[in-house]
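Asks: give me a 3D structure for the following:
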Amino acid sequence: MKRSLYYFSLKELIRSAYLTKSIASTAVIVFLGLYFAASFLFLAFNIDKIMAESHPGLDVFKAFNSIVLIYLGADLVVRFIMQSLPAINFKKFIIYPVKRTRIIRYLLSRSVLNFFNLIPLVFLVPFTFDVVVHDLSPFSVLAWFTGICLLVLSNHFLSVYLKWRFHDSQSGFYVAIGLIAALFAVDFFEIVNLNEQFGVFLDKIAIHPQLVLILSVLPIAFYALNYSFLKNNLYLDSFASQKGDTRVRDFAFLNKLGDYGKFISLEMKMIWRNKRPKNAFIMSVFFLLYGFIIYKNPGENKPIPDFMLFFGGIFMTGLFTLSYGQFFPAWHSRYFSFLMSQNIKMKEFLQAVYLLLTTITGVYFLVSLGYAFLTPRVIWFHLVVSLYNIGVNIYFILLMGLYSSRPIDLDKSAFFNYQGMGAQQFLVVFPMIFAPIALFFLLKLGFGVVAALVIIGLIGLAGILLQPLLINRFAIAYLNKKHKLISNYKKG
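Replies: I've put the predicted structure just below:
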């Protein structure tokens, strides 16, 4: 076994049928990569103007250093959510004299070559030559640049360790979020100004380049953590004996609601016990915090724009409907043929899905009312968009479900997983989010804000009142297409 493991990995990739089966998914990933690269490049050449507005009177270099810690915290969360773990099918190497330590070194070194480590360079390289080189000596520039790269690499190995350590339980995500939130609170309440202190340390590296040796300890330590963990767990038996969450959640209290409750219980069990739908639900909860980003007062005498209130409302109260509903009924593709062979009423099944999405939308609406402390107008905007989500968007989800054609593996993560994705899932965003926004804009232009909200609210209310009739029509349509759906899921 003198050949490099990289050689076998490349051969496996080239010979994989996945390359020819997922051209659309690859195109989407390439597009997103180019988009973020262009965004970081634009930011690199305009950072001086941005810093001049956000940190008036402060040197651009020092201002940038003062926000590096914020970036690292956000980067750690994003990495934990979206970065894939390095993987290798090492069963094939069992009959060869390949040491486990060699496989471990390969996994860790291969993991360095990923998007999240390369994209900061798109910003750092032009920023260094455009701003940093003018004020520092070449040796100081090299030390500072190396220090930033070491911090990015430390974040990488830390996120990989957290994912290895807490991959099944997902508790590592909450630990990381809690730790970052605690550090943010310490800085926000000015107990200790962490951003400023961290920025001062980076400033000192430019003055005393030898201090960069301190930062070199971090990636080495986190690499050692990963190495130790893999060395103790890289056994076939350990992976074969892993067990998922054995705690049973039957949601038995829903059975008191009759047949509707049983179907809702089925949906809740499916969401809670499987990674992909559970991740969709968790992310929709976290996006309720999105209002803190977009509901910013632009000035003392300027209210929050109507467009932002409408967009924020329809996004926060309807995100679960969008992220979960766009794959209905493909969530049940694994056992859809069995489900359709049972003595169930399609109308009750669809009614249960409608009630579940309505209930979650209502809960999100109540939670989002907390933003009323920023402006009371949030109450009316969020009420209207919630009615629209319940009275229009849920029906649109049921309509798109009639044309579902791709099965979904529930056990796979939702992040960078394009299984079940097609043109239908990409296009559903436009009528569910942008159509009501366009409608609001046109009505506001013609009749004013109040009239626009009233009309959109009445449209949603009409859909709610017509629910028995519309659900009955959808039930007939699903019964007529159930054999087609079963065939689609078996072919997929």
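Asks: quick one: what helix or strand has V217 in it?
Replies: helix 212-233 (DSSP states H and E).
Asks: what helices or strands is that helix leaning on?
Replies: helix 100-111, helix 138-166 (3 or more Cβ pairs under 8 Å, 6 or more residues apart in numbering; DSSP states H and E). The way it works is simple: take the backbone N, C-alpha and C, and place the C-beta from them, glycine included.
Asks: how about low-confidence regions in the stretch 351-492 of the chain?
Replies: 410-428, 491-492 (pLDDT under 70).
Asks: quick one, helices of it?
Replies: 377-388, 394-401, 423-427, 429, 435-447, 449-465, 467-491 (DSSP state H, counting those that start in this stretch).
Asks: so for L162, which of those helices sits nearest?
Replies: Closest approach to L162 among these (Cβ to Cβ): helix 423-427, 29.4 Å.
Asks: just after the closest one, pick out the following helix or strand.
Replies: The helix or strand immediately downstream of helix 423-427 is helix 429, counting by DSSP H and E.
Asks: what sits up against that following helix?
Replies: Residues outside helix 429 that contact it (Cβ atoms under 8 Å, 6 or more residues apart in numbering) are L322.
Asks: now it: how far from the chain's centre is it?
Replies: The chain centre lies 16 Å from the centre of helix 429; the measure is Cα atoms, centre = their mean, to the nearest Å.
Asks: then stretch 137-149?
Replies: With Cα atoms, centre = their mean as the basis, stretch 137-149 stands 33 Å off its chain's centre.
Asks: identify each buried residue in that stretch, please.
Replies: Burial within stretch 137-149, assessed by neighbour count using 16 or more other Cβ atoms under 10 Å, is assigned to S140, V141, A143, W144, F145, T146, G147, I148, C149.
Asks: could you identify the most distant pair in those residues?
Replies: Longest span within the buried residues of stretch 137-149, Cβ to Cβ: S140 and C149, 15.0 Å.
Asks: how close does the nearest residue to L121 once chain neighbours are set aside get to A475?
Replies: Computed as Cβ to Cβ, 6 or more residues apart in numbering, the closest residue to L121 that is not its neighbour in sequence is C149, at 7.9 Å. Separation of C149 from A475 (Cβ to Cβ, to the nearest Å) stands at 58 Å.
Asks: now for the helix or strand that V77 is a member of, which elements pack on it?
Replies: Under the criterion of DSSP H and E, V77 resides in helix 68-82. Judged by 3+ Cβ pairs under 8 Å, 6+ apart, helix 68-82 is in contact with helix 115-130, helix 138-166, helix 171-188, helix 194-207.
Asks: now with 6 Å, please.
Replies: Counting contacts by 3 or more Cβ pairs under 6 Å, 6 or more residues apart in numbering; DSSP states H and E, helix 68-82 packs against helix 138-166, helix 171-188.
Asks: what's the least confident stretch among those helices?
Replies: Comparing mean pLDDT across the helices and strands packed on helix 68-82, the weakest is helix 171-188, with a mean of 64.
Asks: what's the most buried one of the helices and strands packed on helix 212-233?
Replies: Neighbour counts (mean count of other Cβ atoms under 10 Å) averaged over each of the helices and strands packed on helix 212-233 peak at helix 138-166, with a mean of 19.
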